[in-house]
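Asks: Here you go, sequence then predicted model.
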Amino acid sequence: MDVTILLVEDSPTDAAILAAAFDEAGCRLLLQTAHTGDEALALLQQIDSGPSAYPRLILLDLNLPGKNGYEVLREIKNNNLWQKIPTIVLSSSATPCDIERSYQLRANAYITKPTNFSDYQVIAKKIYDFWLDTAQLPTNPSIAAA
Amino acid sequence: MQYSQQTDFLISRAFQALLVHRQSTCLLVDCHGQLLTVCGDCLNLLAQPAELRAAISRLLPAELETPIQTILQQAQSAGYARGGYSSQSADGASVVIEAHLHSASGSMDEFLVLLIERCDRIPNSLVSATPGPPELIEVNKRLRAEILERQQAEQELAKKAEALARSNADLEEFAYVVSHDLQEPLRAMTAFSQLLDQRYKQHLDTSAKRYIKHIVDGGSRMKAMIDGILELSRINNAQLNSSPTCFEQTLDIVLENLKLTCLETHTTITHDTLPTLCVDKNHVVQLFQNLISNAIKFRGSDPPHIHIVAKQQVNNWLFCVHDNGIGIPNDQQTRIFKLFQRLHNQQEQKGYGIGLAICKKIVEHYQGSIWLESAPAKGSVFYFTLVSCPKEA
């Protein structure tokens, strides 16, 4: 079964670029997209009480309508179950204070969105290789709780 | 005691107690003689209801009208007036009337504080209260006018400072919008064109591929410009680290950054002794790197030679960056510091017209200036001045 990644991204084009980048890089995964922070949190809550597994990785945009990326990040990292899911901020901003703040809120990594598709492809491949193939991650909480 | 609303309340209570103790009425009156506030009316002088904005002449006992009007008028021109009045009525009490003019502060107009205090006997000094010699009043008037003028000028200045702060905040906001919102459509344009090229390679002919290249090139130019705007807007906003920066060490960082370019172009870079100043290190790197890169980019037929000199002046340090490049005609010399202004077309020279605009902004951040001396085929000398620790200067 393909691993599931949760992408929290309001821009359909950015989501499509990332999906194409994973695809072109030959990474087999299921990219589940939430278009707002609230949608992402609702999805995680659903998993809390349902049979499906948590995503293996969360890719989080900062500039979201409604609840912004920081607020979503804070909620994820303050939740006993969700906090174990590696959460990577994927933002247009390369501003030092955005980076600083993300790590303060315990983001697992911060990546600035590139403009070139080839750069996207490289990043997609690196994310896949490191976070889904190399890194040892804690046992999926839903399985652990079962 | 720390200042708080609680303090305000206590002061107000103490003031009320004082008014009762001194048997005084205290009113705030505007310049047209209209009642603004009743701070306290322990003498029960006001006719009820004492509506705000009513003429106080209508609210106060008729017998006090003339003396109060006189005092108010005097206070309006002199800033302060005091006088006594003995009542002709049965209880025979006397009052001392005092008025102070308070000048405009913030959004408030001028107003007068009117104090009426009961006393057994009017002090001798007030019995024959005269307004003073006419020339003194005249001088007073002139002084007041001058003070008013100065206050207006100060207010004007404060307004301008506020407008400037607002426009800086607007710029910050703009930079944020640029960094997030403008990059998304740009990314869509560039990335999907590239994806098109990558996935449908076999189906595209040469001109289709050339068109895609134009789109992608345009996109990367726009990206460079957006990055330039961001960098420019960050200069004044960044949390600066103004600890002492050794310019020689910083120049070494720049040389390391430009190592490859220097090797490729056979550039030699030399410098005299450089100082240590309290200037953000990143700013110094940007300054030198932009100036040196330009000197290399616009080199002449000889291998580039760049020499950097620093001289201490009375109030600042003067830096000179000499090169033996192609030089810049006189009439173009001010233009080059403007954003996105380029002297060469894109085929001749790569660049976006950002580097020198950033240099100018950095130098101005430290209350310095930047200029150049140059002539075609004679090389250029870029000069800039920096004040160490601008906050303490």
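Replies: Cool, the structure landed. Numbers count the residues shown, from 1 in each chain, chains lettered A, B, ... in the order given.

Asks: how about the strands in chain A?
Replies: A:3-8, A:29-34, A:57-60, A:87-91, A:109-112 (DSSP state E).

Asks: Can you tell me which of those strands is most buried?
Replies: Comparing the strands of chain A by mean neighbour count (mean count of other CB atoms under 10 Å in any protein chain shown), strand A:57-60 comes out on top with a mean of 24. Using the backbone N, CA and C atoms, a C-beta is placed for each residue, glycine as well.

Asks: name the helices or strands packed onto it?
Replies: If contacts are counted by 3 or more CB pairs under 8 Å, 6 or more residues apart in numbering or on different chains; DSSP states H and E, strand A:57-60 sits against strand A:3-8, helix A:69-77, strand A:87-91.

Asks: Could you confirm whether the second one reaches chain B?
Replies: No. For a cut-off given as CB under 8 Å from any CB of the partner chain, helix A:69-77 has no contacts with chain B; the smallest distance is 10.6 Å.

Asks: which of the residues in that helix are buried?
Replies: A:69-70, A:72-73, A:75-77 (16 or more other CB atoms under 10 Å in any protein chain shown).

Asks: With stretch B:166-179 instead?
Replies: Buried residues in stretch B:166-179 (16+ other CB under 10 Å): B:175-176, B:178-179.

Asks: Between all of those, which two are at the greatest distance?
Replies: Using CB to CB, the buried residues of stretch B:166-179 span at most 7.2 Å, a distance reached by B:176 and B:178.

Asks: before we move on, back to that, pick the one among the buried residues of stretch B:166-179 closest to chain A.
Replies: residue B:179 (4.9 Å; CB to the nearest CB).

Asks: out of the buried residues of stretch B:166-179, which touch chain A?
Replies: Among those, chain A is touched by B:176, B:179 when using CB under 8 Å from any CB.

Asks: Give me every residue in chain A lying close to chain B.
Replies: A:11, A:13-14, A:17, A:20, A:24, A:62-63, A:91-97, A:113-118, A:120.

Asks: ok so, going back, any idea which of the buried residues of helix A:69-77 is closest to chain B?
Replies: Looking across the buried residues of helix A:69-77 and measuring by CB to the nearest CB, the closest to chain B is residue A:69, at 10.6 Å.

Asks: how about the nearest residue to the closest one, chain neighbours excluded?
Replies: residue A:62 (3.5 Å; CB to CB, 6 or more residues apart in numbering or on different chains).

Asks: Low-confidence ranges, the chain, go.
Replies: No chain was given, so I picked chain A. For chain A, applying pLDDT under 70 flags the ranges A:1, A:140-146.

Asks: not what I meant, chain B
Replies: Ranges of chain B meeting pLDDT under 70: B:1-5, B:87-92, B:104-108, B:121, B:123-132, B:237-240, B:344-350, B:389-393.

Asks: So which residue is smack in the middle of it?
Replies: Chain B has residue B:161 as the residue nearest its centroid, 4.1 Å off, counting by CA atoms, centre = their mean.

Asks: Start from the N-terminal end of chain B and give the helices.
Replies: Along chain B, counting by DSSP state H, helices occupy B:5-21, B:56-59, B:62-78, B:124-127, B:134-177, B:183-199, B:206-237, B:247-257, B:259-265, B:281-297, B:355-365.

Asks: Just want the angle from the longest one to helix B:206-237.
Replies: The one in question is helix B:134-177. Taking axes from the mean of the first three to the mean of the last three CA atoms, to 10 degrees, one finds helix B:134-177 and helix B:206-237 inclined to each other by 140 degrees.

Asks: One more: the last one?
Replies: Counting by the same axes, to 10 degrees, helix B:355-365 points 10 degrees away from the direction of helix B:206-237.

Asks: Please compute how far helix B:355-365 lies from its chain's middle.
Replies: A distance of 18 Å separates the C-alpha centroid of helix B:355-365 from that of its chain, computed with CA atoms, centre = their mean, to the nearest Å.

Asks: outside of it, which residues touch it?
Replies: B:228, B:231-232, B:235-236, B:283, B:286-287, B:290-291, B:293-294, B:336-341, B:369-370, B:384-386, B:390 (CB atoms under 8 Å, 6 or more residues apart in numbering or on different chains).

Asks: which of those are buried?
Replies: Judged by 16+ other CB under 10 Å, buried ones among these: B:228, B:231-232, B:235, B:283, B:286-287, B:290-291, B:293-294, B:336-337, B:339, B:370, B:384-386, B:390.

Asks: Disregarding flanking residues, what is the spatial nearest neighbour of residue B:82?
Replies: residue B:98 (4.6 Å).

Asks: wait, residue B:118
Replies: Excluding the flanking residues, the one nearest residue B:118 by CB to CB, 6+ apart is residue B:23, at 4.3 Å.

Asks: and the gap between that neighbour and chain A?
Replies: Residue B:23 sits 61 Å away from chain A, going by CB to the nearest CB, to the nearest Å.

Asks: List the residues that contact that residue.
Replies: Here residue B:23 is in contact with B:42-43, B:117-118 (CB under 8 Å, 6+ apart).

Asks: and the residues you listed, which two are the farthest apart?
Replies: Within the contacts of residue B:23, B:42 and B:117 form the most distant pair, 9.3 Å apart (CB to CB).

Asks: list the residues that contact both of the two?
Replies: Listed contacts common to residue B:42 and residue B:117 are B:22-25; contacts here mean CB under 8 Å, 6+ apart.

Asks: Would you mind checking those for buried ones?
Replies: The neighbour count (16+ other CB under 10 Å) marks B:24-25 as buried among the shared contacts of residue B:42 and residue B:117.

Asks: Let's have the shared contacts of residue B:42 and residue B:117 in CSV, adding distance to residue B:364.
Replies: Output for those, formatted as CSV (distance: CB to CB, whole Å):
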residue, distance to residue B:364
B:22, 58
B:23, 62
B:24, 57
B:25, 58
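
Asks: Quick one: end-to-end distance for stretch B:318-331.
Replies: Using CA to CA, to the nearest Å, the end-to-end distance of stretch B:318-331 comes to 24 Å.

Asks: coming back round to it: mind listing what the residue nearest to residue A:69 touches?
Replies: A:68-70, A:89, A:91, A:93, A:98, A:102, B:180.

Asks: show me the contacts for residue 29.
Replies: Assuming you mean chain A. A:2-5, A:22, A:128, A:132.

Asks: Can you look at chain B instead?
Replies: B:35-36, B:56, B:72, B:99, B:111-114.

Asks: From those, pick the one nearest chain A.
Replies: Taking these together and measuring to chain A by CB to the nearest CB, the closest member is residue B:111, at 45.6 Å.

Asks: pretty sure that closest one contacts residue B:102?
Replies: Yes. In this structure residue B:111 lies within contact range of residue B:102 using CB atoms under 8 Å: 5.5 Å.

Asks: between the two, which one's more packed in?
Replies: Using other CB atoms under 10 Å in any protein chain shown, the more surrounded residue of residue B:111 and residue B:102 is residue B:111, with 18 against 14.

Asks: quick one: that one from residue B:32, how far?
Replies: For residue B:111, the distance to residue B:32 (CB to CB, to the nearest Å) stands at 10 Å.

Asks: Figure out which of the helices of chain B is closest to residue B:93.
Replies: helix B:62-78 (11.3 Å).

Asks: Report the angle between that closest one and helix B:134-177.
Replies: 70 degrees.

Asks: And helix B:62-78, what's buried?
Replies: B:64, B:67-68, B:70-72, B:74-76, B:78.
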